[in-house]
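J.: With the input below, show me the fold.
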Amino acid sequence: MKILATLIIITALFFSTKAQTNIAYNNCELKPIAIGEKVPEQIWNKALPIVNSPTMHSHIKLSDYGNKLIILDLWATNCHPCIESLALLDSLNRVFKDEIVVIPVLMHDRIERADPFMKKKGYKWPCVVGDTTIGTHMMKDYSFIWGCIWIKDGKLLGAPLKKYLTAENIRKALKGEAVGFMNRTPNRQKMEKQ
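T.: Predicted coordinates for the structure are as follows:
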């Protein structure tokens with residue numbers, strides 16, 4: 001009888017945890033998306049918490065940026081390649097001012113470190129903090145914890161390696177041309193050609 005009671009309790013805990021997870025995502029189970037697929041509505045319209053807001057808002061939505069090229073950069077303050085990537089994005093953002101949107105997404109780091117870091121570097125972008133739906137769930141098939149994600153017209157354009165983060169590739173993406181970069185995959189040996 002004790003074994004049966006224990007099994008019932010374990011089963012109830014499992015299903016209550018599963019239900020709580022679904023509620024957190026508007027009662028929908030998020031699945032990783034593939035290159036070319038639309039960003040799920042529950043992510044596209046989700047109010048993402050931010051710091052370093054140039055408009056003094058506490059949240060942004062990806063849908064706020066319409067059809068611009070959105071470059072999400074998954075980063076951490078203690079990741080040297082991430083910091084280099086942010087500096088590169090800053091220089092590219094100066095070139096493509098109103099045509100692209102750069103949004104750093106803090107991953108696996110303490111939230112309170114993001115705002116001072118962004119201000120010290122002089123970055124004017126909002127930085128998403130305290131959210132795992134983008135990096136951990138939606139981009140699970142393309143991110144290695146850190147890296148860039150390109151979204152255009154509400155669709156996943158790619159998750160390129162840093163070496164493909166160039167002005168030429170941004171120009172091509174803005175014109176709707178094929179970009180020709182290799183996308184990240186969980187298996188570093190197998191890259192996906194875009």
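J.: low-confidence ranges in the protein?
T.: 1-28, 136-138, 140, 142-145, 186-194 (pLDDT under 70).
J.: mind listing what the residue most central in space within it touches?
T.: Centroid-nearest residue in the chain: residue 134, 4.2 Å away (criterion: CA atoms, centre = their mean). Residues in contact with residue 134 (CB atoms under 8 Å, 6 or more residues apart in numbering) are 43, 48, 72, 74, 105, 128, 149. Where you see a C-beta, it was placed from the backbone N, CA and C, and this is true even at glycine.
J.: So it, which state does it fall into?
T.: Secondary structure, DSSP: H, G, I helix; E, B strand; the rest coil: residue 134 is helix.
J.: ok, back up a step: what would the contacts of residue 134 look like in CSV with distance to residue 82?
T.: As requested, these are exported to CSV (distance: CB to CB, whole Å):
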residue, distance to residue 82
43, 21
48, 18
72, 12
74, 8
105, 11
128, 14
149, 13
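J.: In strands, which of the residues you listed appear?
T.: 48, 72, 74, 105, 128, 149 (DSSP state E).
J.: just those residues now: which is nearest residue 164?
T.: Comparing the ones in strands among the contacts of residue 134 against residue 164 with CB to CB places residue 149 closest, at 12.4 Å.
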